[in-house]
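1. With the sequence up front, the predicted model follows.
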Amino acid sequence: MSGVELEKPSYMTEDLLIYRDAVEKFLVKEAVPHGERWAKEGQIDRSFWNKAGENGLLCTSLSEEYGCPGGNFAHQSILTFEATKHGVQGWGESVHSGIVAPYIEHYGTEEQKQRWLPKLASGEMVAAIAMTEPGTGSDLQSVKTTAKLDGNQYVINGSKTFITNGQQANLVCVVAKTDPTQGAKGTSLIFVETDDAEGFRRGRNLDKIGLKAQDTSELFFDDVRVPTANLLGNEEGQGFIQLMQQLPQERLIIAVQAVAAMEAAVEETIQYTKERKAFGKSVIDFQNSKFKLAEAKTITRVAKVFVNKCTEQLLAGKLDAETASMAKWWCTQQQCDVIDECLQLFGGYGYMNEYPIARMYADARVQKIYGGTNEIMKELIGRSL
């Protein structure tokens, strides 16, 4: 069995191959030429979201009933993979389409689905999820943001940080305490439409080590009033359960990104070491170079086969939290290790931002942090021992 056959998942149909080609052509035309500018500006063009929507690349896994393309997670996985592999990591599409929109489809009322999903699919609205706070990261039970009931409205107070799509989001899913005395059971997800929300403020577009083109922001809620109809679902206190049920998909998306980044790094490094000369021969002709690249290619293939298997399980409704945690921590750790070894083969040029490998190195580090730190992933796995 060849490596190509080994890597081809069972769900990869002819239609999905055609979709993958269309995604690649779109990204090469509409995103790649603007990458440097987006990185300098700290966010991608708002118009790019609209173009993606026009081309059916937003909310791809959601139902046609709500104006979405009507695909499944395989489409989301392909889009995430291709965007990462082509260096478009700054696009927060995976949060928009792979996390926030599915919350609405799975738990939202019919009115909420009709109201928000078509706009998310078209790019008219950009979505964000506001979990992390200045004093609370992976421990979502300890969020301090409150949403107090006042008549037919919730009054939201608190602050969030490290929010992907924070500068552009029109729709923010806020993790808040509707009953602070109940711990996790008092947590709810409440949506804020930011365009007309009095008391809502965006803070800084944060200056990060990597993912320079991604707007990652502070958000502030000072007596922000939203109708009770913006509570996700029909019942308070379901937020923590909703989050936990959807986290396996979020963590698998991160693993997909890790595999795509490794594959891109290995390909980039093979190309460079074939062209670069040292001591009268190509760098790739040194045994150390071959061995390092052999290790990197092996790890990448193993990771890809594992992630494909996880995707098959998710599509079948069988991906458990433990396996998703394994995929998230192991693939992101390998991503950091593989890219570090690849960068070494570039020598000093690997440290220069003009080379993609340098940007891959910087972008990789956060993968071990967001979506639940890798330490949390191991803790979750450890509970099953």
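-> That came through fine. Residues are numbered from 1 along each chain as shown.

2. low-confidence ranges in this protein?
-> For the chain, applying pLDDT under 70 flags the ranges 1-5, 137-138.

3. now the helices: where do they sit in it?
-> Listed in chain order, the helices found in the chain under DSSP state H are 3-7, 14-30, 35-41, 46-54, 73-85, 93-95, 101-107, 110-122, 239-275, 287-315, 321-345, 356-364, 374-382.

4. count of neighbours near the closest residue to Gly233 other than its chain neighbours?
-> Spatial nearest neighbour of Gly233, excluding adjacent residues (C-beta to C-beta, 6 or more residues apart in numbering): Tyr107 at 4.6 Å. In this view, the C-beta of every residue, glycine as well, is placed from N, C-alpha and C. Tyr107 is flanked by 20 other residues according to other C-beta atoms under 10 Å.

5. hang on, isn't Tyr107 packed against Glu235?
-> No: checked against C-beta atoms under 8 Å, the pair Tyr107 and Glu235 is beyond contact range at 9.8 Å.

6. coming back round to it: so which of the helices of the chain gets nearest Gly158?
-> helix 239-275 (13.7 Å; C-beta to C-beta).

7. follow-up on the earlier one: give the contact list for the residue nearest to Gly233.
-> 189, 232-233, 238, 242 (C-beta atoms under 8 Å, 6 or more residues apart in numbering).

8. let's see 7 Å
-> Going by C-beta atoms under 7 Å, 6 or more residues apart in numbering, Tyr107 touches 232-233, 242.

9. want to throw the helices of the chain into CSV with distance to Gln168?
-> Compiled in CSV, these are given as follows (distance: least, C-beta to C-beta, whole Å):
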stretch, distance to Gln168
helix 3-7, 35
helix 14-30, 17
helix 35-41, 12
helix 46-54, 6
helix 73-85, 17
helix 93-95, 11
helix 101-107, 16
helix 110-122, 13
helix 239-275, 20
helix 287-315, 28
helix 321-345, 26
helix 356-364, 19
helix 374-382, 28
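
10. for those, which one sits closest to Val175?
-> helix 239-275 (6.1 Å).

11. can you tell me how far the residue nearest to Gly233 sits from Phe191?
-> According to C-beta to C-beta, to the nearest Å, Tyr107 stands 11 Å off from Phe191.

12. which residues are common contacts for the two?
-> Contact criterion C-beta under 7 Å, 6+ apart; residues shared by Tyr107 and Phe191: Leu232.

13. So what does the residue located most distally from the centre of the chain have for phi and psi?
-> Distance from the centre of the chain peaks at Gly280, with 43.5 Å (C-alpha atoms, centre = their mean). Taking degrees, to the nearest 10, you get phi 80, psi 10 for the backbone angles of Gly280.

14. next one: Ile369
-> Dihedral pair for Ile369: phi -110, psi -60, per degrees, to the nearest 10.

15. so how far is Leu293 from it?
-> Going from Ile369 to Leu293 by C-beta to C-beta gives 27 Å.

16. Contacts only, for the residue lying closest to Cys336 once chain neighbours are set aside.
-> Once flanking residues are discounted, Cys336 sits nearest to Ala364: 4.9 Å by C-beta to C-beta, 6+ apart. Going by C-beta under 7 Å, 6+ apart, Ala364 touches 261, 335-336, 339.

17. and if we set it to 6 Å?
-> Ala364 is in contact with 335-336, 339, counting by C-beta atoms under 6 Å, 6 or more residues apart in numbering.

18. ok, now Asp45?
-> So Asp45 contacts nothing (C-beta under 6 Å, 6+ apart).

19. State the number of residues packed around the residue nearest to Trp49 when sequence neighbours are not counted.
-> Using C-beta to C-beta, 6+ apart and skipping residues adjacent in sequence, the residue nearest Trp49 is Gly123, 3.9 Å away. Residues lying near Gly123 (other C-beta under 10 Å) number 22.
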